[in-house]
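Undergrad: following is a predicted model, sequence given first.
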Amino acid sequence: PPSAAAMLLFLGGARAFRPLLRPAATRTLRATAADAPSAATDDAYSKVSMDDIVGLCKRRGFVFPSSEIYNGMAGFYDYGPLGAELKKNVKDAWWRHMVTRREDVVGLDSSIVHNPKVWQSSGHLDGFSDPMVDCKQTKLRYRADQLFFSPVALSSDGSVAGYVCVQEANDADMLKAAKKQAKKLLKAADLAGADYAPFTFKDLTEATEEEMAHIPSPGSGLPTLTLPRDFNLMFKTSVGAATDASAEAYLRPETAQGIFINFKNVLGSSRQKVPFGIAQIGKAFRNEITPRNFIFRSREFEQMEIEYFIPPGDVWKEFHQQWMTESKEFLLSVGLREDLMEWDVHKDDGLAHYALACTDVTFRFPFGTQELMGIAARGHYDLTAHAEGSGKKLEYNDEVAKEKYVPQVIEPSLGVDRLVLALICSAYAEDEVGGETRNFLKFHPSVAPIKCAILPLVKNKEALVGKAREIYDTLKLRWNVQYDAAGAVGRRYRRADEVGVPFCVTVDFDTIEKDGAVTVRDRDSTEQTRMAVEDLVPYLSERIDGY
């Protein structure tokens, strides 16, 4: 157990509020020119494939295929030791930023299974579906809006030699697959080498019935696809001992409805006044037709959502912009690369029927730029629908304006798993140290799975090991840290770098024989700073927790 002195160091006492470092107690040991890292190159991520990311996640214990010993189950994943820590840190960071540090947002944890009438009122039973097509030959199923077709129009006379059909991916991969199909198509038509116009891709939902008769299936290479039809994404289950229709229920496909049906409960118990928000982190389930791209699109996932209730009228525009700004600030604060982010404003024809506006934060994944987070102005659709379905009034009594109204809603919605994947992609880095290539993960210290590694210089000196263990026992009271005594120190540094540990603390002979200080190594710069042991917690706290 930690010593009394270690506990005092952890708790801080009066010392916790002094300047973080005393100049006399610290000195920076800069790397020589040969050992200093080159600037981390963005090319490392631009060259990485999704297979590389999936392999890294499994190899380092971030994410595993679920039920792997039984050959897995499509669309389900398990988080390993590092992944579980990363995911928890992401959720904790979001909760601190969006709930704890705000006076106008409170939390909720609603059940996964609701009364089925909830989904009837919300429109999920009738309208929560994706367009699906089947390949009649291979029996494979596809989301129609994730298949893209294009005519192969000959440059000579504009005639259509046939069609290509590729699955959604990044632009380069889609073009490569389409060119391969076009080459095969032209060869079969005795038109090998013929020039054709650039592809004009549309998703399969835009194809006419006549075009569908000629568009090849990605599975068979022949025009064997059915016409698109709707497929409801909700998972059914049974509640209780009965197995008839009266026992039928659903696993929630989103967390938002649990917030709306608790609007009155929260309003009456929390003393909040409009504008205010209700936040929730929780599991959701969607029976995806074709789960793909690893944890980006899976059948079981986790959401972090806020329903922010505001007065009626045009005030929604200002609040929508505020939440766009707040959302971006959060994403940057946990280490998302700004150069990989973009805004995608939904046009009128791309909005849900109830939405006033919706803007997505997109991220450039290895498989293409896709939605990471949505900030939607939902109007008062949901509360109105549940008031009608339940027969209960879901109004707000504005004592200042002397009126009752159904509030409008701004909804910032973010997928935990998508953010975890985006953070791993953002952290992927490569540089050169001492003439050797170093691949490492540049996680922001606040979300890094392991915050610090404590390393005794050698493992066979009792005094060194004892001091290192004492520091480890102190730091583990506050953060997830690692003790590592196996191998050369340089090799231990590299091991820590590979899994994104931002700091390493080395205990050497000077620690126990001379100055009582330790060496703290920074992952990104490889810079080493010598400091007194009592300065260690304040130094790390400022960099990990921000205070």
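TA: Thanks, I have the structure now. Numbers count the residues shown, from 1 in each chain.
Undergrad: Leu421: what's it in contact with?
TA: By C-beta atoms under 8 Å, 6 or more residues apart in numbering, the contact set of Leu421 is 53, 294-296, 365. (Glycine included, C-beta is placed from N, CA and C.)
Undergrad: burial of Leu351, as a residue count?
TA: 14 (other C-beta atoms under 10 Å).
Undergrad: run through the residues that contact it.
TA: Leu351 neighbours (C-beta under 8 Å, 6+ apart): 357-358.
Undergrad: in the stretch 51-200 of the chain, which spans are strands?
TA: Under the criterion DSSP state E, counting those that start in this stretch, strands of the stretch 51-200 of the chain are mapped to 63-65, 77-79, 105-108, 129-134, 141-143, 147-153, 160-167.
Undergrad: check the stretch 251-400 of the chain too.
TA: 276-285, 300-310, 341-345, 357-365, 368-379, 396-398.
Undergrad: how about those, which one is nearest Asp190?
TA: strand 368-379 (34.8 Å; C-beta to C-beta).
Undergrad: just to revisit the earlier point, including distance to Val499, could the strands of the stretch 51-200 of the chain go into JSON lines?
TA: Listed next are the strands of the stretch 51-200 of the chain as JSON lines, based on distance: least, C-beta to C-beta, whole Å:
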{"stretch": "strand 63-65", "distance to Val499": "13"}
{"stretch": "strand 77-79", "distance to Val499": "14"}
{"stretch": "strand 105-108", "distance to Val499": "31"}
{"stretch": "strand 129-134", "distance to Val499": "36"}
{"stretch": "strand 141-143", "distance to Val499": "35"}
{"stretch": "strand 147-153", "distance to Val499": "37"}
{"stretch": "strand 160-167", "distance to Val499": "32"}
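Undergrad: out of those, which comes closest to Glu326?
TA: Of all the strands of the stretch 51-200 of the chain, strand 105-108 sits nearest to Glu326, with 10.3 Å by C-beta to C-beta.
Undergrad: would you mind writing the CA trace of that closest one as CSV?
TA: In CSV, the C-alpha atoms belonging to strand 105-108 read as follows (Å, rounded to 0.1, in the frame of the first residue of the first chain):
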residue,chain,number,x,y,z
VAL,A,105,-27.3,20.3,-18.6
VAL,A,106,-28.3,17.3,-16.3
GLY,A,107,-27.8,13.6,-16.8
LEU,A,108,-30.1,10.6,-17.4
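Undergrad: adjacent strands (with direction) for it?
TA: strand 276-285 (parallel) (DSSP bridges).
Undergrad: what angle sits between the strand it pairs with and strand 300-310?
TA: Here the directions of strand 276-285 and strand 300-310 differ by 160 degrees (axes from the mean of the first three to the mean of the last three C-alpha atoms, to 10 degrees).
Undergrad: just how off-centre is strand 276-285 within its chain?
TA: 15 Å (C-alpha atoms, centre = their mean, to the nearest Å).
Undergrad: buried residues, it. List them.
TA: 276-282, 284-285 (16 or more other C-beta atoms under 10 Å).
Undergrad: out of these, which is nearest to Gly379?
TA: Distances from Gly379 to those, taken as C-beta to C-beta, are shortest for Gly277 (16.0 Å).
Undergrad: state the distance from the closest one to Ser150.
TA: From Gly277 across to Ser150, the span is 44 Å (C-beta to C-beta, to the nearest Å).
Undergrad: sorry, back to before: closest one of the buried residues of strand 276-285 to Ala352?
TA: When the buried residues of strand 276-285 are compared against Ala352 (criterion: C-beta to C-beta), the nearest one is Ala284, at 16.9 Å.
Undergrad: Arg141 is in contact with Thr290, correct?
TA: Yes - here Thr290 reaches Arg141: they are 6.6 Å apart, a contact under C-beta atoms under 8 Å.
Undergrad: the more surrounded of the two?
TA: Set Thr290 next to Arg141 and count neighbours by other C-beta under 10 Å: Thr290 wins out with 18 against 14.
Undergrad: so who does the more buried one touch?
TA: Per C-beta under 8 Å, 6+ apart, neighbours of Thr290: 141-143, 146.
Undergrad: measure it to Arg297 for me?
TA: Note on Thr290: its distance to Arg297, by C-beta to C-beta, is 8 Å.
Undergrad: now the end-to-end length of stretch 350-360.
TA: Start and end residues of stretch 350-360 are separated by 12 Å (C-alpha to C-alpha, to the nearest Å).
Undergrad: that stretch - what's its average pLDDT?
TA: Here stretch 350-360 scores 89 as its mean pLDDT.
Undergrad: give the buried residues for it.
TA: 354-360.
Undergrad: kindly report the same for stretch 505-524.
TA: 505-508, 511, 517-521, 523.
Undergrad: same check on stretch 71-84?
TA: Using 16+ other C-beta under 10 Å as the test for burial, stretch 71-84 gives 75, 77, 79-80, 82-83.
Undergrad: quick check: end-to-end length of it?
TA: End to end - C-alpha to C-alpha - stretch 71-84 spans 22 Å.
Undergrad: which residues touch it?
TA: By C-beta under 8 Å, 6+ apart, stretch 71-84 touches 57-58, 60-67, 86-87, 288, 291, 294-295, 297-300, 417, 420, 449-450, 499.
Undergrad: run the chain-centre distance for that stretch.
TA: Distance, centroid of stretch 71-84 to centroid of chain: 15 Å (C-alpha atoms, centre = their mean).
Undergrad: then stretch 104-120?
TA: Computed by C-alpha atoms, centre = their mean, the chain-centroid distance of stretch 104-120 equals 22 Å.
Undergrad: that one: which residues count as buried?
TA: Of all the residues in stretch 104-120, those buried under the rule 16+ other C-beta under 10 Å are 105-108, 110, 114, 116, 118-119.
Undergrad: list the contacts of Ser298.
TA: Ser298 touches 75-77, 288, 291, 417, counting by C-beta under 8 Å, 6+ apart.
Undergrad: and if we set it to 10 Å?
TA: 66, 74-77, 285-286, 288, 291-292, 415, 417-418 (C-beta atoms under 10 Å, 6 or more residues apart in numbering).
Undergrad: kindly report the same for Ala182.
TA: 150, 152, 161-164, 194, 196, 199.
Undergrad: recalculate using a threshold of 8 Å.
TA: Counted by C-beta under 8 Å, 6+ apart, Ala182 has contacts 152, 164, 196.
Undergrad: same question for Gly258.
TA: Counting by C-beta under 8 Å, 6+ apart, Gly258 touches 108, 110-111, 114, 252, 280, 282.
Undergrad: the residue nearest to the spatial centre of the chain and Ala182, how far apart?
TA: The residue lying closest to the centre of the chain (C-alpha atoms, centre = their mean) is Leu419, at 1.2 Å. Leu419 sits 37 Å away from Ala182, going by C-beta to C-beta.
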